[in-house]
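Novice: I'd like to go over a predicted model; first the sequence, then the structure.
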Amino acid sequence: MIIKHRLIGSLFLFLFLFTFAGCASTQKSSSTGEKFDDTVITTKVKSLLAKDDFLKSFSISVETYKGTVQLSGFVDSQQAVNRAVEITKSVEGVTDVKNDLVVK
């Protein structure tokens, strides 16, 4: 009887640990919480770029992965690039900015 209880307890412990190990993030994927945070960051950056009078005329793409924001697209001056990076860095949760903006 004791062995049966230990076996069942061990089984539940294994299932519990296995379930939560599936929710942890890895280098190639992110957890649900990280994806939500990245979505929030992307939305905030896009909103701030669209509100900025200097940058709203440019089509700047924003993607976020684990707090690193990638900006891409075409702008007409280095000043626009600098302004976009500055705005992006001001958003809470941004850990790094990968600048792939091209001055045309």
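Specialist: Here it is on my side, so go on.
Novice: so for whichever strand or helix holds Thr64, mean pLDDT?
Specialist: According to DSSP states H and E, Thr64 maps onto strand 60-65. The average pLDDT for strand 60-65 rounds to 96.
Novice: quick one: Thr95 from Tyr65, how far?
Specialist: Relative to Tyr65, Thr95 is positioned 10 Å away (C-beta to C-beta, to the nearest Å). C-betas here are computed from N, CA, C, even on glycine.
Novice: more crowded one of the two?
Specialist: Tyr65 (14 against 11; other C-beta atoms under 10 Å).
Novice: how near is the residue nearest to that one when sequence neighbours are not counted to Thr68?
Specialist: In space, and not counting its chain neighbours, Tyr65 is closest to Asp38: 6.2 Å by C-beta to C-beta, 6 or more residues apart in numbering. For Asp38, the distance to Thr68 equals 9 Å [C-beta to C-beta].
Novice: partners of the residue lying closest to Ser59 once chain neighbours are set aside in the sheet?
Specialist: For Ser59, ignoring the flanking residues on the chain, the nearest one in space by C-beta to C-beta, 6+ apart is Gly73 at 5.2 Å. Using DSSP bridges, the beta-bridge partners of Gly73 come out as Ile60, Leu101.
Novice: more neighbours, Asp38 and Thr68?
Specialist: Taking other C-beta under 10 Å, Asp38 and Thr68 do not tie; Asp38 has more neighbours (19 against 14).
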